[in-house]
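Novice: coordinates only, no sequence provided:
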């Protein structure tokens, strides 16, 4: 690409000459001048790609020159230099379109680095302009015709060529999808790079990974590095033809091998439990990510994936001896007795349409295609629909109309805290919600580019996230006839009164309704020990992340006797979440003015909502689970224990509505 033309405006010769020499050495075509008036004449008589100007100049200053340059067509990119750190001026001109603002004195390497980013943007813009001009001509010559349909195709091809986003081409075979892909490539800024066309239907599934991602020397017997199609297309365009033939894993896996010698469970395990107790000394082959089968050959046979191996105590670090814990990424579907077998197994994915068909959508029954499965091997299927309303544990099982385990379930938080796992589903109102977010990356020039991670510091691009509020619906289950929406908090408007909007999970979740969908009491606990080891920060016994506890604790903040600590994962990175990390403001003197959050006319906060399941064999500590959200001192815990002994709570005697120490009076602003 030809060298970029740069206008250097600097009245100080001691600065101007070294900068000019450095720019010329870097390959720029430099025109220099000393005054703003000279620069004005040059800008209106010649074309420049970049203008590098001092702010304080005799006569016409640099900001005025910038405004003049901005009005030109095409406008040069502007970088300003100044020895005066005027922050307000810097912000104003950057918002106005100045590409960068450099403070004197500066290192020459720093200046060249900043100009390098500007140069890359300018060159990209020039390539786009060139490609557009050539592409439009090419479109007219290749897609010949004047019909409205063809004109629309040409317009869409030209629009796609000027963008950096991925493009999906739809059409019947023979309608010209490959031709459109070639035209988009030729008219784009990547026209100088390769166009790699991949016929996805022609690549065997077993070879697809190597074909797309390449192979290192020594893998699968090769003695040289094999370049994958993705790498080959770098800097150009990759066209995946017949993309619907890409191998997509279905929900079925075949058990293809049993490994090592079976071990045994040292202790009986309960249904919905996250772990089993085994002697890892006798099962040394177990590793995170392995699949295991429990109770092989028994009616309670089931498969699980290892998420974490624990050999020392969370409390004192002591060796667990023969009673090590193996945590799974899912809960157990069956209870297993002491001595039950546990053995490592390999599962191989099988594809719908290639290896099997779904013969009965209602029951999930599969029909194996001839020769695609080995006789005697178990087939493991994960069903993702109707999982909460009538799921089955095995082929001969009856529908389990029971509550599944909460998200991030733990063994420490049980039914006395309102955990309904394993209990029958109740007639009533249930809620379903959907939401989505979209990430996109733009250059400093505002041009869409390849989406990148938010923490890439090697360029000046910025990644943004657009997040939708949930589409939420209440529905009736069983014999219920009237929708009864959850009304503990009147609406998200009460949150927005202070927070404007609430967002979490790296702005991947937005709005009160989204929070309640997952964190609805008692839906979320802090149980990271069953997840992969890399995501495990530390043990937090008894900690919950239900919305009631979460909000009360973060607003109580420094009023808490002990830090509120839970495990968190932000965009794949584990970290310990504390009050200081979250940064929520605390209410002065503790949580008060309950109507600020619950709503001016809402009275639900005056007494804890009932959390007991009618068929639960144990009583729920309704008051203790609520009040401990803020009152977490040793004295408060002792008080809860005395007043809620054996499930018989007497809290309402003093703290119920209208009582001497009612919730309303205790949390009144004084």
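Specialist: Right, received. Where do you want to start? All values reported here derive from a predicted model rather than from experimental measurement.
Novice: and stretch 615-622, average pLDDT?
Specialist: Mean per-residue pLDDT for stretch 615-622: 82.
Novice: mind listing residues that contact that stretch?
Specialist: Outside stretch 615-622, the residues that touch it by CB atoms under 8 Å, 6 or more residues apart in numbering are 414-418, 420, 423-424, 608-613, 640, 644, 646-649. All C-beta spots, glycine's among them, are computed from the backbone N, C-alpha and C.
Novice: how far does it stretch from start to finish?
Specialist: Using CA to CA, to the nearest Å, one end of stretch 615-622 lies 16 Å from the other.
Novice: what about stretch 618-638, start to end distance?
Specialist: First-to-last residue span, stretch 618-638, CA to CA: 21 Å.
Novice: make 2 the first number, not 1, from now on.
Specialist: I'll keep to 2 as the first residue from here, and by that count the last item is stretch 619-639.
Novice: now find how far off-centre that stretch is within its chain.
Specialist: 34 Å (CA atoms, centre = their mean, to the nearest Å).
Novice: and for stretch 13-31?
Specialist: How far stretch 13-31 lies from its chain's middle: 46 Å, per CA atoms, centre = their mean.
Novice: ok, now stretch 74-81?
Specialist: With CA atoms, centre = their mean, you get 37 Å for stretch 74-81.
Novice: now the end-to-end length of it.
Specialist: End-to-end for stretch 74-81, by CA to CA: 20 Å.
Novice: how about residues contacting that stretch?
Specialist: With CB under 8 Å, 6+ apart, stretch 74-81 has contacts from 8, 44, 48-56, 63-64, 66-67, 70-71, 94, 98-103, 115-116, 119, 122-123, 130.
Novice: for this structure, longest strand please?
Specialist: strand 253-265 (DSSP state E).
Novice: that strand - contacts with which helices or strands?
Specialist: strand 342-351, strand 380-382 (3 or more CB pairs under 8 Å, 6 or more residues apart in numbering; DSSP states H and E).
Novice: need the winner for burial among those strands.
Specialist: Per residue and on average, the most neighbours among these fall to strand 342-351, with a mean of 18 (mean count of other CB atoms under 10 Å).
Novice: quick one, that strand and strand 253-265 angle?
Specialist: If you take axes from the mean of the first three to the mean of the last three CA atoms, to 10 degrees, strand 342-351 sits at 160 degrees to strand 253-265.
Novice: sheet partners, orientation included, of strand 342-351?
Specialist: Under the criterion DSSP bridges, strand 342-351 sits next to strand 253-265 (antiparallel), strand 292-295 (antiparallel) in its sheet.
Novice: weakest of those by average pLDDT?
Specialist: strand 253-265 has the lowest average pLDDT among the strands paired with strand 342-351, namely a mean of 86.
Novice: helix or strand right after that one?
Specialist: Where DSSP states H and E defines the elements, the next helix or strand beyond strand 253-265 is strand 276-279.
Novice: show me what that following strand is packed against.
Specialist: strand 325-329.
Novice: so which elements touch the strand it packs on?
Specialist: Counting contacts by 3+ CB pairs under 8 Å, 6+ apart, strand 325-329 packs against strand 276-279, strand 303-311.
Novice: could you list the residues in contact with the helix or strand hosting residue 53?
Specialist: Using DSSP H and E, residue 53 sits in strand 51-55. Contacting residues not belonging to strand 51-55 are listed as 5-13, 16, 20, 24, 29, 40, 44, 63, 66-67, 70, 77-83, 116, 119-120, 123 [CB under 8 Å, 6+ apart].
Novice: that older thread, which of the contacts of stretch 74-81 are buried?
Specialist: Among those, those scoring as buried are 8, 44, 49-56, 63-64, 66-67, 70, 94, 99-102, 115-116, 119, 122-123 (criterion: 16 or more other CB atoms under 10 Å).
Novice: out of these, which sit inside strands?
Specialist: Short answer: the buried ones among the contacts of stretch 74-81 in strands (DSSP E) are 8, 51-55, 101-102.
Novice: wait, residue 451 touches residue 441, no?
Specialist: No - using CB atoms under 8 Å as the test, residue 451 is too far from residue 441 to be in contact (9.9 Å).
Novice: so those two - more neighbours on which side?
Specialist: The neighbour count for residue 451 versus residue 441, taken as other CB atoms under 10 Å, is higher for residue 441 (16 against 10).
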